[in-house]
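# here's a sequence, model it:
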Amino acid sequence: MTAKYLDSYEADRIFTMENLINGSPIWKFIWESKNIITEHLTWKIGNGGKAKFWRDSWNGDISLAEEMDDPVWINKVEALVGPFVDDYILKGQKEAEWIEWKIMGEWKMENCIKLKDILSRKKKIIYQKEVDCLLCRASKFGKYKVNLGYEILRSRAQNVDWTSALCWHKMVLPKARVFLWTSLHGRILIGERLKLIGIASPSVCILCKENEETTDHLLFWCSYTKRVWDWLLDKLQYGSVRSQSLKGFLLAWPTCYKKSKWSTLWVVSPAMLAWHIWKERNQRVLNEEALSFEILIPKIKVAIEEVINVKVVGRKYCTYSSWDKEMERMWNLTKNSGYKFVDKK
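Next up is the predicted model:
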């Protein structure tokens with residue numbers, strides 16, 4: 001990662017980078033997380049060669065840029081004098097002496113007065129030969145740790161929507177969950193996506209040969225796919241108004257059966273259906289082999305049943321309703337497959 005994305009091997013480089021370098025989704029996530037972690041970092045001033053005078057927090061205070069609130073003026077001064085704390089220290093200072101600040105007389109008068117007032121209120125700094133040190137304010141001893149960063153990120157986390165729960169539930173087959181997550185984020189390589197990255201590809205849906213191939217069309221609106229979804233909804237005894245998108249449809253997917261014996265059907269089936277539609281699409285594109293609706297449906301049904309029957313060992317449930325009985329009739333589910341009934345009382 002260091003060799004690929006950073007132009008310096010300094011430990012604090014990730015926190016002081018100014019421009020987002022084009023990279024992988026993982027790198028972009030690191031960049032976004034960096035901005036959150038940076039709020040909890042401050043510089044301990046040594047010789048002033050690393051900390052930025054205007055942009056960084058130093059000695060535990062918020063940045064001068066935030067306090068001054070005049071970005072145009074700050075940009076002009078920064079271009080004239082320099083970006084680092086060292087550029088604003090009066091020259092000729094000796095080690096272990098209090099730092100005195102260089103404030104130009106030709107600067108904007110009201111801003112000079114405001115800056116002098118802010119600096120006078122800051123804790124006095126002793127000039128040292130040691131380089132500036134980056135500290136974490138959220139840590140007792142100022143040292144950043146991964147678990148501390150995790151706690152900071154977790155405190156900012158938003159509630160995970162139901163589609164994420166469908167993607168990453170432990171009952172879902174790994175390759176199916178990854179595919180569903182990729183689909184919901186518009187990242188699968190189909191005609192629409194391939195055009196964006198400059199690859200020539202047929203743009204017509206290979207399943208229906210009627211409409212442009214987009215993620216929502218392929219996995220939700222295609223006439224072939226709609227028949228598969230209608231079959232699944234009938235097997236689950238669920239009636240729903242069709243949404244404008246796959247994600248919108250899954251956001252309304254039932255979540256009230258979590259403690260029911262066969263509630264895992266709600267979790268497993270959407271990802272498995274999408275995964276088999278994707279495999280059928282690729283078979284037609286790469287091998288020119290097509291399965292009819294009547295042949296594909298039993299394959300999806302068996303795949304869902306296998307996942308349910310293999311992964312339920314030791315699972316606890318609280319309710320056994322008429323819906324569960326109907327599911328046992330309509331699906332080939334192992335009734336004594338290791339489930340344990342737990343009385344809610």
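# domains for this protein, by residue range?
39-156, 162-341 (automatic domain parsing).
# most tightly surrounded among those domains?
Highest mean neighbour count among these (mean count of other C-beta atoms under 10 Å): domain 162-341, with a mean of 16. For the C-beta atoms, the positions are set from N, CA and C on the backbone; glycine is no exception.
# residues in contact with stretch 239-247?
Residues from elsewhere that reach stretch 239-247 (C-beta atoms under 8 Å, 6 or more residues apart in numbering): T163, S183, L184, T215, D216, L219, F220, L233, F249, L251, A252, A274.
# before we move on, what about stretch 205-216?
The contact list for stretch 205-216, computed with C-beta under 8 Å, 6+ apart, reads 183, 186, 188, 190-193, 202-204, 217-218, 221-225, 244-246, 277, 280-281, 284-285.
# now the terminal residues of that stretch, how far apart.
In terms of C-alpha to C-alpha, to the nearest Å, the two terminal residues of stretch 205-216 are separated by 11 Å.
# and for stretch 50-65?
Per C-alpha to C-alpha, the first residue of stretch 50-65 is 17 Å away from its last.
# who touches that stretch?
With C-beta under 8 Å, 6+ apart, stretch 50-65 has contacts from 12, 16, 41-45, 68, 71, 74, 77-78, 82-85, 87-88, 115, 118, 122-123, 125, 131-132, 134, 137.
# okay, K235: pLDDT?
Per-residue confidence (pLDDT) for K235: 92.
# M327 too?
88.
# next one: the spatially closest residue to it that is not a sequence neighbour, what pLDDT does it get?
If the residues on either side of it in the chain are set aside, M327 comes closest to W262, at 4.5 Å by C-beta to C-beta, 6 or more residues apart in numbering. What the model reports as pLDDT for W262 is 83.
# quick one: low-confidence ranges for the stretch 201-345 of the chain?
Applying pLDDT under 70 to the stretch 201-345 of the chain picks out residues 240-241, 255-259, 311-318, 335-345.
# where exactly do the helices run in it?
215-216, 223-235, 246-251, 264-282, 293-311, 322-330 (DSSP state H, counting those that start in this stretch).
# what's the closest of the ones you listed to E32?
helix 246-251 (20.9 Å; C-beta to C-beta).
# can I get that closest one as PDB, trimmed to CA atoms?
Only the C-alpha atoms of helix 246-251 are listed here, as PDB (Å, rounded to 0.1, in the frame of the first residue of the first chain):
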ATOM      1  CA  LEU A 246     -33.800  -3.800  -6.900                       C
ATOM      2  CA  LYS A 247     -32.400  -1.900  -3.900                       C
ATOM      3  CA  GLY A 248     -35.800  -0.300  -3.200                       C
ATOM      4  CA  PHE A 249     -37.500  -3.600  -3.500                       C
ATOM      5  CA  LEU A 250     -35.100  -5.300  -1.000                       C
ATOM      6  CA  LEU A 251     -35.400  -2.400   1.400                       C
END
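# what are the ranges of the helices in the stretch 1-150 of the chain?
2-5, 13-16, 25-38, 64-68, 71-81, 109-121, 146-156.
# can you tell which of those is closest to V178?
That would be helix 25-38 among the helices of the stretch 1-150 of the chain, by C-beta to C-beta, at 12.8 Å.
# other SSEs contacting that closest one?
Helix 25-38 sits against helix 13-16, helix 146-156, with contacts defined as 3 or more C-beta pairs under 8 Å, 6 or more residues apart in numbering; DSSP states H and E.
# rank those helices by pLDDT, which is bottom?
helix 13-16 (a mean of 61).
# related to what we said a few turns ago, for the helices of the stretch 1-150 of the chain, which one sits closest to E294?
Nearest to E294, of all those, is helix 25-38, at 38.8 Å by C-beta to C-beta.
# now N282: how far from L135?
52 Å (C-beta to C-beta, to the nearest Å).
# sorry, wrong one. I was asking about R281.
Distance, R281 to L135, by C-beta to C-beta: 53 Å.
# how about L250?
As for L250, its distance to L135 is 44 Å (criterion: C-beta to C-beta).
# any low-confidence regions in the stretch 51-200 of the chain?
Checking the stretch 51-200 of the chain against pLDDT under 70 turns up 91-99, 103-107, 123, 137-141, 144, 153-162.
# all strands for it, in order.
Listed in chain order, the strands of the stretch 51-200 of the chain (DSSP state E, counting those that start in this stretch) span 133-136.
# need the contact list for the closest residue to V85 other than its chain neighbours.
Nearest residue to V85, sequence neighbours excluded (C-beta to C-beta, 6+ apart): G48, at 3.4 Å. G48 sits next to F84, V85, D86, D87, Y88, I89, I99, Y127, D132 when contact means C-beta under 8 Å, 6+ apart.
# export those to TSV and append columns for distance to V310.
Shown next, in TSV, are the contacts of G48 (distance: C-beta to C-beta, whole Å):
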residue	distance to V310
F84	60
V85	61
D86	64
D87	65
Y88	66
I89	68
I99	68
Y127	68
D132	57
